[in-house]
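Visitor: Sequence isn't available, so here's the structure alone:
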């Protein structure tokens with residue numbers, strides 16, 4: 001009788017975590033950033049049908065990277081939970097903290113009790129009446145939760161992107177400044193610096209100045225107006241143009257003396 005194959009629990013957890021991290025790293029990055037008027041969401045996403053950024057409730061937004069079908073099921077579940085809680089109690093009882101706790105429980109259960117973990121990483125953000133009340137919760141594939149301040153970078157080369165954002169983000173950025181910092185970071189990798197076009201981006205905000213529903217998507221035209229135009233190629237001032245005019249007598253080179 002053959003012995004059953006044994007794998008330690010530590011190795012199983014490690015293999016699951018490595019699997020999920022590789023899947024998330026293959027996706028395009030997402031940036032969630034505070035600015036002076038609320039919270040900005042920016043994703044590199046050329047698709048007009050499949051969204052990485054969405055509204056969950058009045059003041060709450062959602063952003064995700066990884067496998068679309070997996071984080072889409074989480075998004076829908078979050079909307080249903082928020083609607084049920086708001087209807088049963090009061091709209092003010094729906095908060096990003098409660099949704100983050102629910103997501104953490106779900107992701108943790110999937111990670112430990114199923115063979116394949118979700119290859120997703122999500123952010124649940126809530127805009128408050130002022131900056132001190134803003135909330136951003138980052139949830140990883142294993143259900144761990146981090147309360148973030150300032151900005152969050154997920155997917156792709158998130159470590160390099162986080163370092164770039166840390167060098168350029170500051171308290172009080174305007175929406176235009178925050179968008180430019182985010183887009184510059186998304187287009188920068190260790191190997192190259194790309195200039196992302198507005199139609200390659202998915203952009204939305206939680207604007208604290210709006211009435212009850214704070215979430216708003218920005219159109220391609222609005223994004224284009226806020227991003228700087230590409231600088232035109234400048235001619236080399238030292239370059240000369242041959243127009244075919246023969247030089248004057250003074251400009252001709254002196255013929256060498258052939259001698260006698």
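Guide: Happy to help now that I have it. Quick caveat: nothing in here was measured; it's all calculated off a predicted structure.
Visitor: what's next to the longest helix along the chain, contact-wise?
Guide: Longest helix in the chain by number of residues, with DSSP state H as the criterion: helix 68-88. Residues from elsewhere that reach helix 68-88 (Cβ atoms under 8 Å, 6 or more residues apart in numbering): 50, 52, 54, 56-57, 60, 62, 64-65, 93-94, 98-99, 102-103, 106-107, 118-120, 122, 124. Heads up, the C-betas are built off the backbone N, CA and C, glycines and all.
Visitor: same question, stretch 216-228
Guide: Outside of stretch 216-228, the residues within contact range by Cβ under 8 Å, 6+ apart are 53, 175-176, 179-180, 183, 198-199, 201, 203-205, 207, 210.
Visitor: same check, this time on stretch 165-179
Guide: Counting by Cβ under 8 Å, 6+ apart, 31, 33-37, 40, 42, 131, 150-151, 153, 181-182, 184-185, 203, 205, 223, 226-227 sit against stretch 165-179.
Visitor: rewinding a little: which pair in the contacts of stretch 216-228 spans the largest distance?
Guide: Largest separation among those by Cβ to Cβ: 199 and 210, giving 24.9 Å.
Visitor: So between these two, which is more surrounded?
Guide: Using other Cβ atoms under 10 Å as the criterion, residue 199 and residue 210 rank with residue 210 on top: 16 against 10.
Visitor: Could you look up the SS state of that one?
Guide: Secondary structure assignment for residue 210 (DSSP: H, G, I helix; E, B strand; the rest coil): coil.
Visitor: repeat for residue 195
Guide: Following three-state DSSP, we place residue 195 in the coil state.
Visitor: All the strands of the stretch 1-150 of the chain, in order from the start?
Guide: Here the stretch 1-150 of the chain has its strands, by DSSP state E, counting those that start in this stretch, at 30-35, 38-44, 53-57, 60-66, 120-126, 135-139, 145-148.
Visitor: in terms of contact count, name the helices or strands touching the second one.
Guide: What that stands for is strand 38-44. The helices and strands touching strand 38-44, judged by 3 or more Cβ pairs under 8 Å, 6 or more residues apart in numbering; DSSP states H and E, are strand 30-35, strand 60-66, helix 175-186, strand 201-207.
Visitor: Dump these to JSON lines, plus distance to residue 74 and mean neighbour count.
Guide: Output for the helices and strands packed on strand 38-44, formatted as JSON lines (distance: least, Cβ to Cβ, whole Å; neighbours: other Cβ atoms under 10 Å):
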{"stretch": "strand 30-35", "distance to residue 74": "14", "mean neighbour count": "26"}
{"stretch": "strand 60-66", "distance to residue 74": "7", "mean neighbour count": "27"}
{"stretch": "helix 175-186", "distance to residue 74": "23", "mean neighbour count": "22"}
{"stretch": "strand 201-207", "distance to residue 74": "18", "mean neighbour count": "23"}
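Visitor: That'll do, ta.
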